[in-house]
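please work out how this folds:
(chains A and B)
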Amino acid sequence: MRREQITDKQAICLIIIFYIGSSFILGVDGESKNDAWISGILGMFMAAPMLFMYARILSLFPEKSMFDIFELVFGKTIGKAFILIYIWYSFHLGALVIRNYGEFINTVAMPETPIFITMLVLTVVCMLAVRSGIEVIGRISASVLPILFFIITTVILMSIPKMNFHFIKPILGDGILPVVKGGFSAFSFPFAESVVLMGGFFSLKTKKSPYKVYLIGTVIAGILIIIITLRSIVILGETFTKFYFPTYVAVSMISLGDFIQRIELTVSVVFVFGVFIKSSMCLLVSSKGIAKLFNLQDYRSIVIQVGILMLYFSYTVYDSIMEMKGWAFIVYPYYAFPFQVIFPLIIFMAAEIKVRRNKKGDENSI
Amino acid sequence: MKSIKYLILSNMIFLNMFFLTGCWNYREVEKLAVVAGVAIDKGKNNQFIVTTEVIQISGGRESKTTSTYITMEGKSIFDAVRNQISFAGKKLYWSHTKVVIVSKEIARHNMLSVIDWYNRDSETRSDVNLLVSREKTAKKVLEQRALLEDINSFELADTLKNQISLSKAPIKELWGFINDLEAQGIVNIVPAVHLKKNKNMYSPQIMGAAVFDNAKLIGFLNSEETQEVLFVKDEVKGGLLIDRDKTNGLKAPISMEIFKNKTKIEPVVSRNNEIKFNIKVDTRVDIDEIVGNVKYANEKVLKKLSNNEAKNLKNRIEHCIKKVQSEYGVDIFGFGAKLREDNPKVWKKVASSWNDRFKNVSVNVSTKVNIKGSGLFSEPIKMGD
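Prediction:
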């Protein structure tokens, strides 16, 4: 079978859209109020070592996905346990993202449409994309990202008249602690979520690619998220944390000369693409994991089943939007910590040892 | 074989046209009852009376927009709004609402019971203009015929929008009201509306402001005081300054039009934790009305005029601040908020007792008026004998 491959540029576009997917809908965090942008920066820096670690693991074993690496490093049994853990994480994350999207559409646009229908439509598209493979997803990202950039920049430019920059002050008014907490929240959502992409980036071109992709992608997406957070703050003030979808509300305030107004649906376009890419990647990774677990020839045969399960899971995972917000900002950082930090750390150390030993072995045999 | 495949494919695409046509519930434009404005009053037994102005579009060759009014009662605002279905038959469409008028009575009681639904619901938009009625009921204000427009609410919204060249009423959108309500060290002022007789019928006039203490109305400011407050809050974008001083060779009041204004509030904390505020007002004006023998082409005279006006403005602002401090005792200028922005540490100490402190806080006002022009005419009109 031909090896699937995506270029670095496509991978960077993919990771950017992956980041901005659901964090655009939910905003960064609620803890630090008008210092949320500082939390964003902090979260980005906290995530940097993790991202280097992910990239290092990937570049130690080129052309292998996360799941292959588990088996190579830990052997069959423990490797399978790790595979199971990450199948669960990406499956869960995908379900949460789909639910975010469903709640968003259900709350702001179509309150009378059953949430299941909106989520179903998204999931069907995701299943189609995943069945087509990572190459197609990469190409979609590369062609969609310029449009998203265009929308984001024009909307920011148009919202300048509504900005009140004194809302930023006082900087660090409540002390550093809430900001650090917010930074931790921003670290786990969205930055360190890119651990899932380790299962998708088996198809990068060179050994150096993972570093490049993770670094450039994170910096660009981080700057975008910080700018968007800042915009929400200067338009809405401290109350922005009380909204479920601050970005959407902030943009709905725009009204230029009486005829450019109610343009918040353009922002929904960004949301929809972001969520689509993010949940597609989660679906892809969990299908791949399951295929690896059961030694299937190709993951494509189970995409639809996994997708439908994911849809049902997302339908039952929360009872209400209040629960969603509470979970996303209060529970999630702690829940995701092992997946994002502890397990990768173990894998990283084991992989380093393994590779060194192999090298020694090679030298000895020569 | 291939042709069958194409047939099936094209059929599937064709069928999709019916399944994927958009929303679950679609609504036709002509079936919507578009709300232009709302008035909220208090009814008997703690009920709310909600009056909406609904736009009626009559089609045909000469399409004309008129409006009608629907009044309904309910136990809560939302209840009243939904009760309107039993009356008008259509679900109201809120996206184009321009104004929300709240009656004095409700504002005195508690604003929150009114604005929460409006801000929370996803059908409504929170960038709607808020008004407080000085009349007995808000309904009365809404139900007047507009002077120039077809729809009263739209005229009210226009009136507010053009306040930038009048500055006699603040502009407060609903989300801004909530923002200031939640913010520390600032309370709201909301434009006030009353009825004025014009050509043997009454029309709404927006003048002055309603002062709130948190969510409760505590009093009204007249139009001049409102302008002074707006000067302090740096919300003046236009309007007039009238000098009534007749000493400088003036025979009648002189009016100057404001073109630009910048106000800076600087909190100063002295060593023994005494808080003071420096207010610097810098205004650019044009002379637009002047009668007398003033030769304002002369620099000296010009300076005199502008100094005089600056002094005038300073007195007005100081007087206004004193009045607010003694009469209302709430920080409508946002001094506390400014202190919090610039000096959060000191703010934390005084936050709990800010209302009491505000009453005695000393303010240092300095004003500057720059006269930049005098319209098309370079000298006053002279009378020949």
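
the residue in the stretch 51-200 of chain B positioned nearest to chain A - how many residues pack around it?
Nearest residue of the stretch 51-200 of chain B to chain A (CB to the nearest CB) works out as residue B:179 at 4.5 Å. Just so you know, the C-beta spots here come from the backbone N, C-alpha and C atoms, and that holds for glycine as well. Residues near residue B:179, counting by other CB atoms under 10 Å in any protein chain shown, number 20.

can you name every helix or strand that the biggest helix by length in chain B contacts?
Longest helix in chain B by number of residues (criterion: DSSP state H): helix B:299-323. Other helices and strands packing on helix B:299-323, by 3 or more CB pairs under 8 Å, 6 or more residues apart in numbering or on different chains; DSSP states H and E, are helix B:223-232, strand B:240-243, strand B:275-289, strand B:362-373.

so what touches it?
Contact with helix B:299-323 is made by B:224-225, B:228-229, B:231-232, B:241, B:243, B:245, B:248, B:254, B:256, B:279, B:281, B:283, B:285, B:287, B:294-296, B:333, B:363, B:365-371, as judged by CB atoms under 8 Å, 6 or more residues apart in numbering or on different chains.

show me where pLDDT drops low in the stretch 101-250 of chain B?
B:248-249 (pLDDT under 70).

and the helices in it, which stretches?
B:104-109, B:112-120, B:138-142, B:152-161, B:174-182, B:223-232 (DSSP state H, counting those that start in this stretch).

pick the most deeply packed of those.
Highest mean neighbour count of the helices of the stretch 101-250 of chain B: helix B:138-142, a mean of 25 (counted as mean count of other CB atoms under 10 Å in any protein chain shown).

which strands or helices does it pack on?
strand B:33-42, strand B:48-58, strand B:99-102, strand B:129-133, strand B:189-198.

chain center to it: distance?
Chain-centre distance of helix B:138-142: 17 Å, with CA atoms, centre = their mean, to the nearest Å.

show me which residues of the stretch 201-350 of chain B are close to chain A?
By CB under 8 Å from any CB of the partner chain, the residues of the stretch 201-350 of chain B that approach chain A are B:340, B:341, B:342, B:343, B:344, B:347.

quick one: which of these has the most company?
Comparing these by number of neighbours (other CB under 10 Å), residue B:340 comes first, having 25 neighbours.

alpha carbons of stretch A:285-294, as PDB, please.
C-alpha atoms of stretch A:285-294 as PDB (Å, rounded to 0.1, in the frame of the first residue of the first chain):
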ATOM      1  CA  VAL A 285      -6.800   8.800  15.600                       C
ATOM      2  CA  SER A 286      -9.300   6.700  17.500                       C
ATOM      3  CA  SER A 287     -10.100   4.600  14.400                       C
ATOM      4  CA  LYS A 288      -6.400   4.100  13.800                       C
ATOM      5  CA  GLY A 289      -5.900   3.100  17.400                       C
ATOM      6  CA  ILE A 290      -8.700   0.600  17.300                       C
ATOM      7  CA  ALA A 291      -7.300  -0.800  14.000                       C
ATOM      8  CA  LYS A 292      -3.900  -1.200  15.600                       C
ATOM      9  CA  LEU A 293      -5.400  -2.800  18.700                       C
ATOM     10  CA  PHE A 294      -7.200  -5.500  16.700                       C
END
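
contacts for that stretch?
Counting by CB under 8 Å, 6+ apart, A:65-68, A:71, A:80, A:83-84, A:86-87, A:90-91, A:94, A:130, A:196-197, A:199-200, A:296-300, A:302-303, A:306, A:310 sit against stretch A:285-294.

so which of those are in helices?
Cross-referencing these against helices under DSSP H gives A:66-68, A:71, A:80, A:83-84, A:86-87, A:90-91, A:94, A:130, A:303, A:306, A:310.

sticking with residue A:10, tell me its helix or strand.
Assessed by DSSP states H and E, residue A:10 sits inside helix A:8-26.

typo on my end, residue B:260
strand B:254-269.

in the stretch 201-350 of chain A, which residue sits nearest chain B?
Closest contact between the stretch 201-350 of chain A and chain B, by CB to the nearest CB, is at residue A:237 (4.5 Å).

re earlier: would you mind writing the PyMOL command to select the buried ones in the contacts of stretch A:285-294?
What follows is the PyMOL syntax selecting those of these that are buried according to 16 or more other CB atoms under 10 Å in any protein chain shown:
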select buried, chain A and resi 65+66+67+68+71+80+83+86+87+90+91+94+130+196+197+199+200+299+302+303+306+310
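
in the helix or strand following the helix holding residue A:10, what counts as buried?
Sequence order places helix A:36-60 as the next helix or strand after helix A:8-26, per DSSP H and E. Residues of helix A:36-60 classed as buried: A:36-44, A:46-48, A:50-51, A:53-58, A:60 (neighbour count, 16+ other CB under 10 Å).

what helices or strands is helix A:36-60 leaning on?
Packed next to helix A:36-60, using 3+ CB pairs under 8 Å, 6+ apart, are helix A:66-74, helix A:177-188, helix A:209-236, helix A:343-365.

same thing but at 10 Å, please
Helices and strands touching helix A:36-60, by 3 or more CB pairs under 10 Å, 6 or more residues apart in numbering or on different chains; DSSP states H and E, are helix A:8-26, helix A:66-74, helix A:177-188, helix A:209-236, helix A:343-365.

could you say which helix or strand holds the nearest residue in space to residue A:235 that is not next to it in sequence?
Leaving aside its sequence neighbours, residue A:235 sits nearest to residue A:250 (CB to CB, 6 or more residues apart in numbering or on different chains; 4.3 Å). If you go by DSSP H and E, residue A:250 is part of helix A:246-252.

each with direction, which strands does the following helix or strand past that helix pair with?
As assigned by DSSP H and E, the chain's next helix or strand after helix A:246-252 is strand A:255-256. Using DSSP bridges, the strands paired with strand A:255-256 are strand A:260-261 (antiparallel).

so which bits of the very next helix or strand once past the partner strand are buried?
Next in sequence after strand A:260-261, counting helices and strands by DSSP H and E, comes helix A:264-293. If you call a residue buried by 16+ other CB under 10 Å, then helix A:264-293 has these buried ones: A:264, A:266-268, A:270-292.

ok and helix A:264-293 relative to helix A:8-26, angle-wise?
With axes from the mean of the first three to the mean of the last three CA atoms, to 10 degrees defining the directions, helix A:264-293 sits at 120 degrees from helix A:8-26.

orientation of helix A:264-293 relative to helix A:209-236 in degrees?
150 degrees.
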